[in-house]
Structure formats: C-alpha cells, structure tokens
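Need a 3D model of the sequence below.
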Amino acid sequence: MTQTKKRVVRRFNWRKFALFSASTLLLVALATGAGFYAFLGSLRAPGNGQVVGRDLPEPTRHEPINVLILGLDVGVVENPNSGAPGRSDTMIVATLDPEKKQAGVLSIPRDSRVLIPGRGTDKINHAHVFGGTDLAIRTVENLLNIPIHYYVKINYEGLRNLVDTLGGVHIDVEKDMKYTDRAGGLYIDIKAGPQVLLDGAKAEEFLRYRDRATGDIGRIERQQQFIKALAQEIFSASTILKIPELARVISDNVETNMTPAQIVFYANAARSVDLSQVPIETLVGTDCYIDDISYWIVDEANVGEQVARVLLGIDREANKVVTLEVLNGSGSPGAASEIARQLESMGYTIGTVGNASNFDYRSSAIIYSHDTPFETVETVAKSLNITRLIQAPEQEERKADITVIVGRDLVG
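Residues are numbered from 1 along each chain as shown. Sure, this is the predicted structure:
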C-alpha cells in the first residue's frame, strides 16, 4: 500500500548535509597559497587523480567538473580497512566551471528511491553499501544523467574542529534558538543578533535546531546560510595563516581521488566564483511512505530541468531562440518525446519529434547546422551528456538548428 504525504516532518540530519557542503567548499576554496600544496600530500587519494566514472576522459583544466560528495556513517573513513562499506548518510553533487566561473550544489536526500544498477530499486544511501564508491557514482550518474568526474568522502567528526580552526563563523541569528532534548543529549541555546560568532559547538547547535513553525524547511534555509557564511570565512585573508591546521583537519576527515595539484587548481578557480550567485538546492521530490517505509520520491519529470539550471548553468531565456529536432534512434517507444520534454523544460524551442531513419543508435548523437554557434551545440550536448557531435553538410536543408538523435544510452 502506498500513501503520499507532502512535507512530512522527518528526522533528516541537515547538520550532516551542511558539513558535507562546507567540506566541499573547503576542498575547492581553501588553497589560497602555494603552501597548502605540501600539506595536501597526506590526503587519502586512492584514485591518484583519475576519473572514476564509466570510461570518462579526464577533463582538461578549463572544462567543468562534477564532484560527488559522500558523507558516510561514522567509522568508515577513519577505518578504511574495516571491511564492508558503510551507508552514505548524504550525497551531494557539486559542479565547478573554471572557464565560466560558475558553480552549483545539488543535495540528494539519503532516502531517495532510485534504481541501483544490479540491485534494483532501493534507497540511494544503500548504493555505497552494495558496491562502494563505484556503485554510488554509477547510481548518481544514472539518476542525474551527468558524468561524475571526482569524489570526496567525508567524516562527520571534523565539523567542530573545522569551525574552531577558522576562529568561528559569523551568522545573522534572527531569533533566540533554545531547545532541550535530554534523552538525545541535545542542548541548544543561541541568542539572536547580527553577525553572531559561532564556535564549533554552537555551529552544530545552529545546524541542528528546528522550530515547529518552519520544521525542516527552516532548517534547510539555515544550513544554506551556514554554508555561505563558512565560505566567506574560508575566503578571508586571515585563512592563509591557518592553512597548515586546516589541511590537517581535512586529512583526518576526507578521502578523495583528486590529486593535490588538481585541488590547488580548482581551489584557485573557485576563488573567482561569486558565492552569492551559487545555487544550492535539494533534489526535487516528495515525502512518501511505501509499506510503512519512508522514501523521497524523486520528481523525475523535473529532474532534468533542475540539473540543467543548478549544475549545468543553462540559460532558459537564451535557449528560446534555438530550434531543436528530436528523433528516436533507440527503438524504445516514447524515447524522443521524453527527451523533447526535457529540452523544452530547459527553454529550447522544439520542432519535429519523430523517428530517426533507423533504430540502431547505441550512442546518442547531435547533428548541427554549419552556422549554429558551436557553444550552443556544446550546451545542448552537455545538458544531455552526449559526446557524439556531427556537423551537417553546408548544402543540406535542415528543419532545425540542432537535431538530437536519441540512442539506447539515453533510454532507461
């Protein structure tokens, strides 16, 4: 029996979500000086900087990257030789485009009901249990239809040390925050005020607080406020003097397949990003109970639009002038219509939707007119994760600026 309940109040740990997001910002923004490079050598980096996605070429220095941040159950990162992988308490995908100086953050709730390759439908936080980092990455790639280039695994225990090492974080506290849960060992007492300096313990209180009026929605807003405030502290000039200690905090709580040189490069690139313009959202969906088990049911109809907007930086207004033709080359009924709907949600003008000349396309392809700006072609390709680009002959009469042929790789 299935029963849907919108905005059900659940004990989702947004404190951990904030830690993971903050740690991501730390990884891409901390290297404010060359001295950080030496300290990064102690980071656990089993991939040696290699892309861990499915046969993905390593991105060049100026291409966008997508990073999967995994927050694991306590004990996994600190004890990598313990055996079975732990559950991922939270998953976050962060993107950085060094060329366009853009970034985005998308949180994937741990209870998201998804298809895990080789395991069937289950909560997404079980992917890491079933197959470690690789299966977690493949599950997220399938869900969002984007490549994951690098990963970061994070230990929860570093939050207090991170904030304390920075000397605290300044937060605007709109009203007094007071709550006591003796059974849970939770005591929150923060006074309202502008630019209140929170140490590590108080920062944890701020992130765990939930009032009855706003529930988890209010807590989400506070964790986003905290992420931005933490980023401001990291970007401050005084952070340079704290790099050695901050690097040690990272080393104790983070595992990544990025090399020290890659982290330094992307950190410097991140310093050019306007933090006030970085979108931070949670994957679209609804709370739902299925057989008395709580799930986050992903709104599949709107995932493509959200990914395009938050992670790919796609401009809907600019896309309106681009006409697209979408043809089914996979043989799967409705495949072209589904992709056309996704592209239309991104602002593109859709003309013909129909069948290709044959259904033998294993890989999707994009065919474009000689006078279509290649940047426009790349944007469409990136939004669908298509790498096969073909320029049509100049004399060929075409119905649209760009033709998208849907192959089997975009179906299911």
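
tell me the pLDDT at Ile124?
pLDDT for Ile124: 93.

thought it was touching Leu143?
Yes - using CB atoms under 8 Å, Ile124 is in contact with Leu143, at 7.4 Å. Glycine gets a C-beta too; all of them are placed from N, C-alpha and C.

which of the two has more neighbours?
It is Ile124, of Ile124 and Leu143, that has more neighbours when counted by other CB atoms under 10 Å, with 26 against 22.

hang on, the earlier thing: quick check: neighbours shared by Ile124 and Leu143?
Taking CB atoms under 8 Å, 6 or more residues apart in numbering as the criterion, Ile124 and Leu143 both touch Ile108, Ser112, Val114.

beta partners for the most centrally placed residue in the chain?
With distances taken as CA atoms, centre = their mean, Val93 lies nearest the centre of the chain, 1.4 Å away. For Val93, the beta-bridge partners under DSSP bridges are Leu68, Leu106.

ok, it to Ile148 distance?
Distance from Val93 to Ile148, counting by CB to CB, to the nearest Å: 7 Å.

Helices of the stretch 51-200 of the chain, residue ranges please.
127-144, 159-166, 200-208 (DSSP state H, counting those that start in this stretch).

Now do the contacts for the residue nearest to the centre of the chain.
Applying CB under 8 Å, 6+ apart to Val93 gives the contacts Asn66, Val67, Leu68, Ile69, Val105, Leu106, Ile108, Val140, Leu144, Ile146, Ile148, Leu311.

Among those, find the lowest-pLDDT one for me.
Ile69 (84).

Check the gap between that one and Ala229 for me.
19 Å.

When those two are compared, which one has more neighbours?
Neighbour comparison, Ile69 and Ala229: the larger count goes to Ile69, with 27 against 19 (by other CB under 10 Å).

Ala336 contacts Phe359, correct?
No - using CB under 8 Å, Ala336 is not in contact with Phe359; the gap is 11.1 Å.

quick one, which of these two is more surrounded?
Applying other CB under 10 Å to Ala336 and Phe359 shows that Ala336 carries more neighbours, namely 24 against 14.

re earlier: now do the shared contacts for Ala336 and Phe359.
Asn328.

What residues does Ser383 make contact with?
Gly304, Ala308, Leu312, Ile314, Leu343, Met346.

Give me the three-state assignment for it.
Recorded secondary structure, Ser383: helix (DSSP: H, G, I helix; E, B strand; the rest coil).

Please tell me how far it sits from Arg208.
For Ser383, the distance to Arg208 - CB to CB - is 37 Å.

what two of the contacts of Ser383 are the furthest from one another?
Distances among those were taken as CB to CB; the most separated pair is Leu312 and Leu343, at 12.4 Å.

So if I had to pick from these two, which one is more boxed in?
Comparing Leu312 with Leu343 by other CB under 10 Å, the one with more neighbours is Leu343, at 25 against 21.

Okay, now stretch 306-326: how far is its last residue from its first?
21 Å (CA to CA, to the nearest Å).

May I see the buried residues of that stretch?
306-314, 319, 322-326 (16 or more other CB atoms under 10 Å).

Strands - which of the residues you listed land there?
Thr323, Leu324, Glu325, Val326 (DSSP state E).

which residues does the closest residue to Gly313 other than its chain neighbours bridge with?
Counting by CB to CB, 6 or more residues apart in numbering, Gly313 lies nearest to Gln102, which is 4.6 Å off, once chain neighbours are set aside. Listed by DSSP bridges, the beta-bridge partners for Gln102 are Asp97.

Count the residues that sit near Gln102.
Count around Gln102 with other CB under 10 Å applied: 19.

Ok, Pro279 next?
By other CB under 10 Å, 15 other residues sit near Pro279.

Over to Gln395?
6.

which SS class is it?
Gln395 is classified as coil under three-state DSSP.

what's the distance between it and Val321?
From Gln395 over to Val321 (counting by CB to CB), the distance is 24 Å.

Would you mind splitting the protein into its domains for me?
Domain segmentation of the chain under automatic domain parsing yields 2-310, 316-410.

Over to the last one now: how far is its first residue from its last?
Yep, that's domain 316-410 we're talking about. OK, domain 316-410 end separation, CA to CA: 22 Å.

what number of residues lie near the nearest residue to Leu389 once chain neighbours are set aside?
The shortest distance from Leu389 to any non-neighbouring residue, by CB to CB, 6+ apart, is to Ile366 (5.2 Å). Ile366 has 20 neighbours, counted by other CB under 10 Å.

Partner strands of the helix or strand hosting Ile366 and their direction?
Assigned by DSSP states H and E, Ile366 belongs to strand 365-368. Counting by DSSP bridges, the strands paired with strand 365-368 are strand 389-391 (parallel), strand 402-406 (antiparallel).

export the contacts of Val93 to CSV and tack on distance to Ile290?
Formatted as CSV, these follow (distance: CB to CB, whole Å):
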residue, distance to Ile290
Asn66, 30
Val67, 31
Leu68, 26
Ile69, 27
Val105, 28
Leu106, 24
Ile108, 18
Val140, 22
Leu144, 22
Ile146, 27
Ile148, 28
Leu311, 28
